[in-house]
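Colleague: Build me a structure from this.
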Amino acid sequence: MAMHDLKYIRDNPEAFDAALVRRGAEAVSVEILALDEKRRSIQTSLQDAQARRNEASKAIGAAMGQGDKEKAEELKAEVGAIKEQMPQLEEDERNIVAELNDLVAALPNLPADDVPEGGGEENRPADNPAFDAAS
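Modeller: Numbering: from 1, shown residues only. Modelled structure (predicted):
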């Protein structure tokens with residue numbers, strides 16, 4: 001199954017939509033880009049949470065080494081809260097990725113730029129022998 005390139009859609013939403021319309025499909029770049037932005041935002045939040053969790057975990061050891069049990073307990077509570085938040089972010093990311101993949105996978109392939117405009121077989125010229133030879 002060929003998937004459409006999200007980077008291409010991000011960089012060329014108008015061309016992508018125009019090609020879909022040529023194939024008789026609806027323009028959907030706005031919807032795709034909204035889901036992609038949401039996915040990227042969730043991924044950033046998840047990465048930030050992981051980084052903070054790791055940083056706070058290291059700081060716990062440093063606080064304990066300095067005998068600052070109060071600071072260590074605060075950091076442990078923060079790490080615990082982050083760990084509780086992460087599964088929801090991961091689930092949100094999975095759901096957005098699935099929705100985005102389903103949307104993009106259902107789209108037709110884009111016609112090549114050199115494919116002429118026109119309909120299907122019902123629009124073929126009756127007096128074109130080349131068309132009949134190709135059939």
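Colleague: all contacts plus neighbour counts: C-alpha atoms, from now on.
Modeller: Fine.
Colleague: Quickly find the element holding the residue nearest the centre of the chain.
Modeller: In the chain, the centroid-proximal residue (C-alpha atoms, centre = their mean) is residue 36; its distance is 3.9 Å. According to DSSP states H and E, residue 36 maps onto helix 29-65.
Colleague: distance between that helix and the chain's centre?
Modeller: 17 Å (C-alpha atoms, centre = their mean, to the nearest Å).
Colleague: Check which residues of the helix or strand where residue 93 lies are buried.
Modeller: Residue 93 is located in helix 69-105, with elements delineated by DSSP H and E. Within helix 69-105, the residues that qualify as buried are 71-72, 75-76, 78-79, 82, 86, 89, 92-93, 96-97, 100, 104, counting by 16 or more other C-alpha atoms under 10 Å.
Colleague: The residue nearest to residue 27 when sequence neighbours are not counted and residue 36: what is the separation?
Modeller: Excluding the flanking residues, the one nearest residue 27 by C-alpha to C-alpha, 6 or more residues apart in numbering is residue 17, at 4.5 Å. Going from residue 17 to residue 36 by C-alpha to C-alpha, to the nearest Å gives 16 Å.
Colleague: Also residue 112?
Modeller: Relative to residue 36, and taking C-alpha to C-alpha, residue 112 is found at 25 Å.
Colleague: Verify the contact between the residue nearest to residue 27 and residue 28 for me.
Modeller: Yes - counting by C-alpha atoms under 8 Å, residue 17 touches residue 28, with 6.5 Å between them.
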